[in-house]
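Student: Below are the sequence and a predicted model; questions follow.
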Amino acid sequence: MTEMVYGTVPPRPGEAVLPRWWRTVDKVSMGAVFALFAFGLLLGFAASIPLAERNGLPPFHYVQRQVVFGIAGLGVMIVVSMLKVEQVRRLGVMLCGVAFVGLVLLPLFGTDFGKGATRWYSIGFGSVQPAEFLKPGFVVLSAWLLAASHDINGPPGRTVSLALTVTILGFLVMQPDYGQAALILFAWLVMYFIAGAPMILVLGLFGLAAAGGVVAYNMSAHVASRINGFLSPEVDPRTQLGYATNAIREGGLFGVGVGEGSVKWSLPDAHTDFIIAVAAEEYGLLMVVVIIGLYATITWRGLARLSRDRDIFVRLAGSGLVLLFAAQAIINMGVAVRLLPAKGMTLPFVSYGGSSLVASGLALGILLALSRERPQHQIEDVFLRRGVR
C-alpha cells in the first residue's frame with residue numbers, strides 16, 4: 001500500500017536529498033523540539049547542581065551529560081526524519097525486535113539502581129532503558145500490522161498486534177513498570193480506534209485496563225501507596241508531591257527568580273520527574289504555559305499533517321507516535337500538579353536522561369519523516385495530475 005501511494009507522483013527531478021528534506025519537513029515542529037531542549041538545559045542548570053553536590057560531582061556534571069545526550073538525540077531525530085516511509089517501517093520493525101529482546105533479558109542482566117524495579121542495563125558510563133526504545137518501534141510495527149489487515153486477503157494484523165501488545169504489557173508489568181505499560185496500551189488503543197475498531201470493543205479494552213489497575217492496586221503495596229497518596233485530601237509536605245505542590249504555589253505568575261528556588265534542594269528527582277516544578281518555582285506560570293504551548297504545537301501540527309495523508313500506515317503510525325509523545329508530557333506534568341497519581345516518567349526533551357532523550361529524538365524523527373510533505377501527499381494531487389479542476 002505504501003509503495004502504491006509513494007510512487008504516484010515523482011519528486012522534483014535532480015533535487016538533492018538535503019534540499020528536498022528541508023522543503024518537505026515540518027520546520028515548526030522541529031523548531032519546537034529544539035526549544036524544548038533549550039528549556040531543558042536552562043532548567044538543568046538549576047535542578048541538577050544540588051544533585052551533583054550530593055553525589056560529590058562537579059557542579060555542572062549532569063548539565064554536561066545532558067548536552068551530550070541532547071546532541072545525540074537531536075542528531076538522531078534529524079537523520080531519521082530524512083528516511084522514506086518504507087525505510088521508517090523497516091527501522092521500526094528492527095527497533096521493536098531489538099528492544100523487545102532487551103526487555104525480555106532484563107531480569108537476567110538488568111539492574112534496578114535501588115529503585116525497586118529492574119528497568120535498566122548498566123553500561124558503565126550510563127544506563128539504557130529498553131522500554132524507551134521499544135515504544136516507537138512498537139508503534140511502527142503495530143501500525144504496519146493494523147494497516148496490512150485492511151488489504152484484501154491480508155494477514156490477521158489486528159489479532160497479531162493484540163497478541164504483541166499483551167506480550168509486551170506482561171513483561172513491563174513484571175518489572176514492574178506500570179507507567180510504560182499504560183503508554184504502550186494507550187498508543188495501541190489509539191491506533192486500533194483510528195483503524196476502525198468497533199467502539200464497543202474499544203470500551204471493553206478500556207474496561208479490561210481499568211480492571212488491571214484494580215488488580216495492581218490490590219497486589220502491589222507500592223502502587224497502592226501512590227494511589228492512596230493521590231486520593232488523600234491532605235498532601236504530606238515531606239513527600240515529593242508535597243515539595244512539588246509547594247514549589248508551584250510559591251512560583252506564582254513570574255517565579256521567585258533564577259536560582260532562587262528551593263525545591264531543587266529537596267526533591268531527589270527534581271532534574272527528571274519533577275522538572276516542571278523547578279520551572280514553575282523559578283520562572284513562574286509563564287514558562288510553564290510556554291512549555292505546554294510547545295508540546296501542543298508539536299501535537300497539533302503532527303495530527304493536522306497526518307490527517308491529509310492517504311496512506312493508512314502513515315496515519316496510524318504517526319498518530320500513535322504524536323499522541324504517545326503528548327500523553328507522556330501530560331502524565332509528567334499532571335503528576336507534578338497532583339492531577340494524576342505519582343509515576344516516574346520523564347518530560348520529553350526537557351528532563352535529564354540519556355535513554356529518554358535519544359529515544360524521544362528517534363520517535364520524533366520517525367514522526368517528522370512520516371509527516372513530511374510528499375508530492376503525492378494529498379488526494380487532490382491525483383486529480384491535479386489528471387487535469388481535473
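Tutor: Nice, I can see it. Note that this is a predicted model, so its numbers are computed, not measured.

Student: what's the distance between Val128 and Ser355?
Tutor: Val128 is 6 Å from Ser355, where distance means CB to CB, to the nearest Å. Every C-beta, even on glycine, is put in place using the N, C-alpha and C of the backbone.

Student: Please read the previous query as pertaining to Ile184.
Tutor: Ile184 is 16 Å from Ser355, by CB to CB.

Student: Likewise for Gly154?
Tutor: On the measure of CB to CB, Gly154 and Ser355 end up 35 Å apart.

Student: Which strands and helices lie in contact with the helix ranked longest in the chain?
Tutor: Criterion DSSP state H: the longest helix present in the chain is helix 275-306. On a contact count with 3 or more CB pairs under 8 Å, 6 or more residues apart in numbering; DSSP states H and E, helix 275-306 meets helix 27-54, helix 240-251, helix 312-336, helix 354-370.

Student: do you know which of the ones you listed lies nearest Leu208?
Tutor: Closest of the helices and strands packed on helix 275-306 to Leu208 is helix 312-336, at 18.6 Å (criterion: CB to CB).

Student: Report the distance from that closest one to the chain centre.
Tutor: 6 Å (CA atoms, centre = their mean, to the nearest Å).

Student: Am I right that Gly154 is in contact with Leu145?
Tutor: No: counting by CB atoms under 8 Å, Gly154 stays clear of Leu145, with 9.6 Å between them.

Student: ok, those two, which is more surrounded?
Tutor: Leu145 (25 against 12; other CB atoms under 10 Å).

Student: Correct me if wrong: that one contacts Pro155.
Tutor: Yes: using CB under 8 Å, Leu145 is in contact with Pro155, at 7.4 Å.

Student: what sits in contact with each of those two?
Tutor: Counting by CB atoms under 8 Å, 6 or more residues apart in numbering, no residue touches both Leu145 and Pro155.

Student: quick one: the helices in the stretch 101-250 of the chain?
Tutor: Ranges of helices within the stretch 101-250 of the chain are 106-109, 130-148, 157-174, 178-194, 199-219, 221-231, 240-251, based on DSSP state H, counting those that start in this stretch.

Student: which SS class is Arg374?
Tutor: coil (DSSP: H, G, I helix; E, B strand; the rest coil).

Student: mind checking pLDDT for the nearest residue to it once chain neighbours are set aside?
Tutor: Distances taken as CB to CB, 6 or more residues apart in numbering place Thr24 nearest to Arg374, at 6.6 Å, with adjacent residues excluded. We have a pLDDT of 90 for Thr24.

Student: Could you double-check that Thr24 sits in contact with Glu373?
Tutor: Yes: between Thr24 and Glu373 there is a contact under CB under 8 Å: 4.4 Å.

Student: Look at those two and report which has more neighbours.
Tutor: Shown here are Thr24 and Glu373; by other CB under 10 Å, Thr24 has more neighbours (19 against 13).

Student: In contact with the more buried one: list those residues for me.
Tutor: Contacts of Thr24 by CB under 8 Å, 6+ apart are 372-374.

Student: Turn those into a markdown table, including pLDDT.
Tutor: Output for those, formatted as a markdown table (pLDDT from 0 to 100):
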| residue | pLDDT |
| --- | --- |
| Arg372 | 92 |
| Glu373 | 84 |
| Arg374 | 71 |
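
Student: Adding distance to Val215, write the residues you listed out as TSV.
Tutor: Formatted as TSV, the contacts of Thr24 follow (distance: CB to CB, whole Å):
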residue	distance to Val215
Arg372	43
Glu373	46
Arg374	45
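
Student: Right, I'll leave it there.
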